[in-house]
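K.L.:
Have a look at this prediction, sequence included:
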Amino acid sequence: MDSSDPRLVELDRLVQASERTMRELENATQALRQLTGSGESRGGAVSARVDADSRLVDVQITHRAMRLDPEELGRDVVEAVRAAQEDHERQARDLLGLGMVPGDEDVLGTFKRDLDELQDAYARETGERLEGMRRTQRAWED
């Protein structure tokens, strides 16, 4: 068939769009795997870092923090860990272009649902593109 055949042009467009979408999804997935979050307590006495799954990987406690009473130190640790997790969530949302939902208390759950919806949309779009390619192939065969 001639390369100016509109069916070939459409097939080529569909293949290129699918390849671009696959690259974008792989890049986003890779970037999400590398995200970390960091945060510290208001007074800076405790800092924390979380990994790509928002799990705690490091806590730093300053000498100044060692002079705090145990209850206050505990609050500072929790505050630093939460700040690190929020930093991670914000970065992930920024990376994927997802907006925050005002008043949503389960931000991580919302983020995971948004990611699932993105993956579902990608699967639907890919299925539609493949069906378009199949229709084009059948048209060639006729």
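P.N.:
Perfect, thanks for sending it.
K.L.:
For my notes, confirm Gly39 occurs in a strand.
P.N.:
Yes. Checked against DSSP: H, G, I helix; E, B strand; the rest coil, Gly39 lies within a strand.
K.L.:
tally of neighbours for the closest residue to it other than its chain neighbours?
P.N.:
The spatial neighbour of Gly39 that comes closest, neighbours along the chain excluded (Cβ to Cβ, 6 or more residues apart in numbering), is Ala83 at 2.4 Å. Heads up, the C-betas are built off the backbone N, CA and C, glycines and all. When neighbours are counted by other Cβ atoms under 10 Å, Ala83 registers 20.
K.L.:
Summarise which helices and strands the helix or strand where Ala83 lies is packed against.
P.N.:
Here Ala83, judged by DSSP states H and E, is contained in helix 70-96. In this structure, helix 70-96 makes packing contacts with helix 6-34, strand 37-40, strand 46-50, strand 56-61, helix 107-141, judged by 3 or more Cβ pairs under 8 Å, 6 or more residues apart in numbering; DSSP states H and E.
K.L.:
tell me the most buried of these?
P.N.:
A comparison of the helices and strands packed on helix 70-96 by mean neighbour count, using mean count of other Cβ atoms under 10 Å, puts strand 46-50 on top with a mean of 23.
K.L.:
Please name the strands paired to that strand in the sheet, noting orientation.
P.N.:
Strand 46-50 has the following strand partners under DSSP bridges: strand 37-40 (antiparallel), strand 56-61 (antiparallel).
K.L.:
Keeping just the C-alphas, turn the first one into CSV.
P.N.:
It stands for strand 37-40. This file holds the C-alpha atoms of strand 37-40, laid out as CSV (Å, rounded to 0.1, in the frame of the first residue of the first chain):
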residue,chain,number,x,y,z
GLY,A,37,9.2,13.3,51.3
SER,A,38,10.8,15.2,54.1
GLY,A,39,9.5,17.3,56.9
GLU,A,40,10.4,18.7,60.3
